[in-house]
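Undergrad: predicted model follows, preceded by the sequence.
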Amino acid sequence: MSKYIAFLRAINVGGRTVKMERLRESFETLGFLNVETFIASGNVIFDSDSKNPRSLETLIEAGLSTELGFEAPTFIRTSAELGKLANYKAFQQSEIDKATALNICFLKSPLDNDSINKLMERKNEIDDFAVHEREMYWLCHKKQSDSTFSNAVLEKTTGSQSTMRGLNTIIKMAEKWAT
């Protein structure tokens with residue numbers, strides 16, 4: 001049995017409200033065990049016998065589409081990957097300390113060089129980016145409301161679906177579920 005973390009996009013944003021109890025029940029209906037949620041933004045922790053995270057993403061996306069009536073792109077990470085994410089330093093600590101926010105954008109697969117180059121062209125005095133494996137890190141030097149960058153801009157720039165979480169959320173999750 002392996003522990004997985006599903007980061008779901010489109011949960012409790014844009015007028016789509018999903019109670020966490022309903023989300024847990026949906027995952028249990030799909031056959032997952034020890035299902036938990038963390039804050040109401042689509043973070044679901046569960047156990048599965050599957051060794052194939054890609055097939056789990058497909059199963060969850062199809063199940064939630066049927067259950068909720070809308071698409072909820074799903075980005076699976078293992079509990080070991082969660083621990084690495086919480087500890088990865090995409091930027092110098094001095095830069096992180098000066099910033100107002102550090103977000104992690106989850107991707108289905110690593111970005112190709114062309115997509116990375118397009119993303120890096122968007123760097124400016126407010127926004128800085130780093131890419132590592134299947135994550136993109138967005139360091140915001142001012143208020144995020146001052147930025148023109150968003151998850152939608154990331155997807156348009158790279159052509160890749162994604163969902164975003166703050167580093168503090170990832171650290172709190174790792175404290176509880178990382179191995």
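TA: Received the coordinates, thanks. Residues are numbered from 1 along each chain as shown.
Undergrad: would you mark the buried spots in the longest helix along the chain?
TA: Selection of the longest helix in the chain by residue count, based on DSSP state H, yields helix 53-68. By 16 or more other C-beta atoms under 10 Å, the buried positions in helix 53-68 come out as 53, 56-57, 59-61, 63-64, 67-68. Heads up, the C-betas are built off the backbone N, CA and C, glycines and all.
Undergrad: so after the helix or strand harbouring residue 152, what's the next helix or strand?
TA: According to DSSP states H and E, residue 152 maps onto helix 151-158. Next helix or strand after helix 151-158 toward the C-terminus (DSSP H and E): strand 162-166.
Undergrad: neighbouring strands - and their directions - for that next one?
TA: Partners of strand 162-166 in the sheet, by DSSP bridges, are strand 101-107 (antiparallel).
Undergrad: tell me the mean pLDDT over the following helix or strand past the strand it pairs with?
TA: Sequence-wise, the next helix or strand downstream of strand 101-107 (DSSP H and E) is helix 113-120. The pLDDT scores in helix 113-120 average 97.
Undergrad: for helix 113-120, packing partners?
TA: strand 127-132, helix 151-158 (3 or more C-beta pairs under 8 Å, 6 or more residues apart in numbering; DSSP states H and E).
Undergrad: tabulate the ones you listed (CSV), appending mean pLDDT and mean neighbour count.
TA: Formatted as CSV, those follow (pLDDT from 0 to 100; neighbours: other C-beta atoms under 10 Å):
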stretch, mean pLDDT, mean neighbour count
strand 127-132, 98, 18
helix 151-158, 95, 16
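Undergrad: residues in contact with the longest helix of the chain?
TA: With contacts defined as C-beta atoms under 8 Å, 6 or more residues apart in numbering, helix 53-68 is touched by 4, 6, 8, 16, 18, 22, 26-27, 29-30, 48, 50, 71-78, 108.
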